[in-house]
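Novice: Give me a model of this one.
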Amino acid sequence: MSFAYASIHTRQEDGVLLATLAAGPLNLIGVDLVRDLVSLVDTLYRDPGDVRVAVIESASAEYFSAHVDLTAIPQYTAEAAKAGGPGDASLGMFLYKLAHVPVITIAKVRGRARGGGNELALACDMIFAARENAVFGQFESGTGALPGAGGVQHLARRLGRTRAIEAITSADDFDADLAERYGWINRALPDAELDAFVDRLAKRIAGFPPAGVKAAKRAVNDLTLPDPAHVRSDAARFVGLVALPETRERLDDLASRGLQTPGDVERDLGRAVAEYSAKDR
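Specialist: Residues are numbered from 1 along each chain as shown. Predicted structure coming up:
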């Protein structure tokens, strides 16, 4: 068993694995991070050792994960395919596998979790976030696409039909308090209390007999997780939509204003995706 990666820092204590995303200032979900996440998930399946709970957080206080690397979709998709083979060559199906790992997974979110970064958090069993700075969003509709890695499936189940449509089609940002109220996340907590709360919960769960915890997770998953066919369908729609001329134009416009670099566009992406429409009216 080994948890050693280039873009994920790890630490183990009392049955808990802390996995800290460290893939640059934005933690874009690109080739290197997907490669390491695939390896991490594979180890949690095959040989987790005494790990019973995995906590995923970010080394950046501003970005849990901004979104996927939009310049490297074929490349990170090829890495994601290694989790399940070419028949499941999508980030969505990799995250579907993450949702089924035989340990409890917790996303501890500070800063922005948008697009694929939000979908990574949604694939975890629980999400706890810093009230002062956590932001959640699926901005894809603002560019002409749709969430393609599980966002539609998870948000429809967590938020209900009307709020899921609001969250997805508005492409807007949701702060931690609103996300908690909508059921997007488990709890919003003061930043100063977040680490201690998650640490205490993770170690509490890790201290219980693993058979019962695993059985409970499987039973809940059977009732609540989407059918793989629906995840594959969303992934295919995303690939088709992101190739459309209008979508490319909007992504190029965002790129010209600073998308995928630290700055105003990434900080306020929910606002930035609407500025293109306003500019054209």
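
Novice: Tell me the confidence at residue 190?
Specialist: In this prediction, residue 190 carries a pLDDT score of 98.

Novice: what's near enough to touch it?
Specialist: Residues in contact with residue 190 (Cβ atoms under 8 Å, 6 or more residues apart in numbering) are 130-132. Every C-beta, even on glycine, is put in place using the N, C-alpha and C of the backbone.

Novice: and it, what are its phi and psi?
Specialist: The phi and psi torsions at residue 190 (degrees, to the nearest 10) take the values phi -60, psi 140.

Novice: now residue 188
Specialist: For residue 188, the backbone dihedrals (degrees, to the nearest 10) come out as phi -100, psi 130.

Novice: May I ask you to confirm that it is in contact with residue 194?
Specialist: No. Applying Cβ atoms under 8 Å, one finds residue 188 not in contact with residue 194, separated by 9.2 Å.

Novice: Would you mark the buried spots in stretch 4-17?
Specialist: Within stretch 4-17, the residues that qualify as buried by neighbour count (16 or more other Cβ atoms under 10 Å) are 5, 7-8, 10, 15-17.

Novice: Widest-spaced pair of these?
Specialist: The span of the buried residues of stretch 4-17, defined through Cβ to Cβ, is set by 7 and 15 at 24.0 Å.

Novice: just the buried residues of stretch 4-17 now: which is nearest residue 39?
Specialist: Minimum separation from residue 39 among the buried residues of stretch 4-17 (Cβ to Cβ) is found for residue 5, which lies at 6.5 Å.

Novice: what's near enough to touch that closest one?
Specialist: Residue 5 is in contact with 36, 39-40, counting by Cβ under 8 Å, 6+ apart.

Novice: Please list the residues outside the strand or helix carrying residue 169 that contact it.
Specialist: Secondary structure assignment for residue 169, by DSSP states H and E: helix 161-170. Judged by Cβ under 8 Å, 6+ apart, the contacts made with helix 161-170 from elsewhere in the structure are 137-138, 140-141, 146-147, 151-152, 155-156, 158-159, 174, 182-184.

Novice: What mean pLDDT does that helix get?
Specialist: The average pLDDT for helix 161-170 rounds to 98.

Novice: Helix or strand next in line after it, which one?
Specialist: Proceeding N to C from helix 161-170, the next assigned helix or strand is strand 174-175, under DSSP H and E.

Novice: How far off centre is that next one?
Specialist: Average the C-alpha atoms of strand 174-175, do the same for its chain, and the two points are 15 Å apart (Cα atoms, centre = their mean, to the nearest Å).

Novice: now stretch 265-281
Specialist: Relative to its parent chain, stretch 265-281 has a centroid offset of 22 Å by Cα atoms, centre = their mean.

Novice: hey, C-alpha coordinates of it in PDB?
Specialist: In PDB, the C-alpha atoms belonging to stretch 265-281 read as follows (Å, rounded to 0.1, in the frame of the first residue of the first chain):
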ATOM      1  CA  VAL A 265     -12.500  35.900 -13.700                       C
ATOM      2  CA  GLU A 266     -11.800  32.800 -11.700                       C
ATOM      3  CA  ARG A 267     -12.700  34.500  -8.400                       C
ATOM      4  CA  ASP A 268     -16.100  35.600  -9.700                       C
ATOM      5  CA  LEU A 269     -16.800  33.100 -12.400                       C
ATOM      6  CA  GLY A 270     -20.500  33.100 -11.800                       C
ATOM      7  CA  ARG A 271     -20.500  36.700 -12.700                       C
ATOM      8  CA  ALA A 272     -18.000  36.400 -15.500                       C
ATOM      9  CA  VAL A 273     -20.000  33.900 -17.500                       C
ATOM     10  CA  ALA A 274     -23.000  36.300 -17.600                       C
ATOM     11  CA  GLU A 275     -20.900  39.200 -18.900                       C
ATOM     12  CA  TYR A 276     -20.600  37.700 -22.400                       C
ATOM     13  CA  SER A 277     -24.400  37.700 -22.700                       C
ATOM     14  CA  ALA A 278     -24.800  41.200 -21.400                       C
ATOM     15  CA  LYS A 279     -22.100  42.400 -23.700                       C
ATOM     16  CA  ASP A 280     -23.900  41.000 -26.800                       C
ATOM     17  CA  ARG A 281     -27.300  42.400 -26.000                       C
END
